[in-house]
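Trainee: Quick one, structure for this:
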Amino acid sequence: MITHSILGCPFCGGRGSINKFVSNAFVLGSDKAISWGVHCNDCKCGTSTALQLNGAKTPYDTTDKAVAAWNRRIPL
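Mentor: Modelled structure (predicted):
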């Protein structure tokens, strides 16, 4: 469940959307690894969504972590 509001894109002001990514690799004792990310619907920039296959947790293993990372971003 998302407890934070997704802010607009820091680059173009577009609407951000939450995304779920699933890897079929054997990770963390499961047959699937899930990671969450946020991307802009307009300019398509977004948070990292790479799954780590070395036994470490995925970068954003909850929606709240992905949204918090997106909301911390600032324009360049």
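Trainee: ok, then the element right after the host helix or strand of Trp36?
Mentor: Per DSSP states H and E, Trp36 falls inside strand 33-40. Using DSSP H and E, the helix or strand that follows strand 33-40 in sequence is helix 63-72.
Trainee: pLDDT of that next one, averaged?
Mentor: For helix 63-72, mean pLDDT rounds to 90.
Trainee: Can you list the buried residues in it?
Mentor: Across helix 63-72, burial judged by 16 or more other CB atoms under 10 Å covers 63, 65-67, 69-70. Glycine gets a C-beta too; all of them are placed from N, C-alpha and C.
Trainee: Just the CA atoms from that helix would do, formatted as PDB, please.
Mentor: Extracted in PDB, the C-alpha atoms of helix 63-72 (Å, rounded to 0.1, in the frame of the first residue of the first chain):
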ATOM      1  CA  THR A  63       6.100   0.800  -3.000                       C
ATOM      2  CA  ASP A  64       6.800   3.300  -0.200                       C
ATOM      3  CA  LYS A  65      10.600   3.000  -0.700                       C
ATOM      4  CA  ALA A  66      10.200   3.600  -4.500                       C
ATOM      5  CA  VAL A  67       7.900   6.600  -4.000                       C
ATOM      6  CA  ALA A  68      10.100   8.100  -1.300                       C
ATOM      7  CA  ALA A  69      13.100   7.800  -3.700                       C
ATOM      8  CA  TRP A  70      11.100   9.500  -6.500                       C
ATOM      9  CA  ASN A  71       9.900  12.300  -4.200                       C
ATOM     10  CA  ARG A  72      13.500  13.100  -3.100                       C
END
